[in-house]
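Engineer: this one's sequence-less:
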Ligand SMILES: [Fe+2]
């Protein structure tokens, strides 16, 4: 039986604080052309207002001359960016790392700062990397690429926001994401973890969208339903622990279990 998730468009590119605000500077896109090649660029997201100023993904190198202007629209210069999180190493996400040489860099599972100083971290072992306890952390979300990560912002006006790179291409991408995935089984698990914890998802190539809990269904009324297919790349075991529906029954416990143990993480793991 398909598991179902309820999503609705956010209809805004700004998510206010109270502390960190989230601004989507560029909505990513992915447009096939009749001749065969696709035209694409990744979403670029600015997180600011607190002690850290974080850019999640940088677009492709073709955006180099325009990215400073996009930042300036929100009063931010490139040298004010303290952290750059590149969700994965594809060119439409890492194309402008060079604009931020002073920033701490998290590129997939690689953490570096200064002139080539690489720092140990637990992302490859599934341990989130805390940027600001209680507010911002980077979580491993493998699948689209092996070392894919997502930025998790908690306590925004919309609740928990996951800037998810290409874990999600866009809202309603169920028929598309597998073709772009290095490890579909891993990615499906990552998608379910993100759906279980997020109130809002910023996908890599589309508009941000809300993920509604079951209790929201009646109140909001207008949700469309998305299906997460049961199709199994592996043994079938994954479906038993995948969970995915939010709220109701045992899903709350499942959602809690899938939050990468954030409560334990805060204040006890590496941070910058
Ligand atoms: Fe990608």
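Structural biologist: Noted; the coordinates are in hand. Only a predicted model underlies this, so the values are computations on that prediction, with no experimental measurement involved.
Engineer: Bridged to residue 56, which residues?
Structural biologist: Each beta-bridge partner of residue 56 is listed here: residue 45, residue 85, as defined by DSSP bridges.
Engineer: That one: what's it in contact with?
Structural biologist: 44, 45, 46, 47, 84, 85, 86, 87, 151, 163, 165, 202 (CB atoms under 8 Å, 6 or more residues apart in numbering). Where you see a C-beta, it was placed from the backbone N, CA and C, and this is true even at glycine.
Engineer: now it: how far from the ion?
Structural biologist: 14 Å (CB to the ion, to the nearest Å).
Engineer: Could you tell me the per-residue confidence at that residue?
Structural biologist: Confidence at residue 56, expressed as pLDDT, is 99.
Engineer: Kindly report the same for residue 36.
Structural biologist: Residue 36 is given a pLDDT of 85.
Engineer: which SSE is it in?
Structural biologist: Counting by DSSP states H and E, there is no helix or strand that carries residue 36.
Engineer: For burial, what's the neighbour tally of it?
Structural biologist: 6 (other CB atoms under 10 Å).
Engineer: which one of the contacts of residue 56 sits closest to residue 101?
Structural biologist: residue 84 (10.0 Å; CB to CB).
Engineer: what about that closest one, how many neighbours?
Structural biologist: By other CB under 10 Å, the burial measure for residue 84, its neighbour count, is 23.
Engineer: got it, and residue 50?
Structural biologist: Neighbourhood size, residue 50 [other CB under 10 Å]: 18.
Engineer: any idea how far it is from the ion?
Structural biologist: Residue 50 is 28 Å from the ion, by CB to the ion.
Engineer: That residue contacts residue 133, doesn't it?
Structural biologist: No: counting by CB atoms under 8 Å, residue 50 does not reach residue 133; the two are 11.3 Å apart.
Engineer: picking up where we left off before, which one of the contacts of residue 56 is nearest to the ion?
Structural biologist: Distance to the ion, by CB to the ion, is smallest for residue 165 among the contacts of residue 56, at 7.1 Å.
Engineer: Find the nearest non-adjacent residue to that closest one, please.
Structural biologist: Spatially, and ignoring its direct neighbours in sequence, residue 165 is nearest to residue 87 (2.6 Å; CB to CB, 6 or more residues apart in numbering).
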